[in-house]
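> When you get a sec, could you give me coordinates for this:
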Amino acid sequence: MQDHGSGDGIVTVASQHSVDDTADKLVALIEERHLLLFARIDFHADAARAGLAMQPSQLVVFGNPRAGTPLMQAVPTAALDLPLKALIWQDDDERTWVSYNATDWLQRRHRASDELVKPLTAIEALVNQAAN
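Presented below is the predicted three-dimensional model:
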């Protein structure tokens, strides 16, 4: 199931795994494809260290300079949305979801060409593989 939201550019996909397992799978896929893993932020753990409660939630930040650099060279504002990010989160019913920016939304937002945005579309396959 994919939800492209109501024009907000966010795609949300249901995961069959926990937040930790989904994030682990996504990171493994990123590494297998020789992409760069820039960060893995565990918001749940950070909140707990601050004495706050929060549902499990992790942000995985990754990319490929060969894909992102030409886009940022042509459209510098694209750097606001690059590198790519996937948010893995749990709702109140303990279901796990993965959300990311739709590439067609990024293209419209930054008025980028199809050619420059096409390499970013790989996020959909990565997320779907990690979620299943």
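> Which positions within the helix with the most length in the chain qualify as buried?
In the chain, assigned by DSSP state H, the helix with the most residues is helix 19-32. Within helix 19-32, the residues that count as buried by 16 or more other Cβ atoms under 10 Å are 19, 22, 23, 24, 25, 26, 27, 29, 30. Heads up, the C-betas are built off the backbone N, CA and C, glycines and all.
> Give me the helices and strands touching it, please.
Judged by 3 or more Cβ pairs under 8 Å, 6 or more residues apart in numbering; DSSP states H and E, helix 19-32 is in contact with strand 36-42, strand 57-63, strand 84-90, strand 96-101, helix 122-131.
> again, 6 Å this time
When contacts are defined as 3 or more Cβ pairs under 6 Å, 6 or more residues apart in numbering; DSSP states H and E, helix 19-32 packs onto strand 57-63, strand 84-90, helix 122-131.
> Indicate which one of the ones you listed is closest to residue 34.
Ranking the helices and strands packed on helix 19-32 by their distance to residue 34 (criterion: Cβ to Cβ) puts strand 57-63 first, at 11.0 Å.
> List the buried residues in that closest one.
By neighbour count on 16+ other Cβ under 10 Å, the buried set for strand 57-63 is 57, 58, 59, 60, 61, 62, 63.
> again with stretch 99-108
Under 16+ other Cβ under 10 Å, the buried positions of stretch 99-108 are 99, 100, 101, 102, 103, 105, 106, 107.
> just stretch 86-98 next, same as before
86, 87, 88, 89, 90, 96, 97, 98.
> Considering these, which is situated nearest to residue 128?
Using Cβ to Cβ, residue 98 is the member of the buried residues of stretch 86-98 that sits closest to residue 128, with 8.7 Å.
> pretty sure the closest one is in contact with residue 127, am I right?
Yes - with contact defined as Cβ atoms under 6 Å, residue 98 and residue 127 form a contacting pair (5.0 Å).
> Residues that sit against both of these two, list them.
Jointly contacting residue 98 and residue 127 under the rule Cβ atoms under 6 Å, 6 or more residues apart in numbering are 13, 86.
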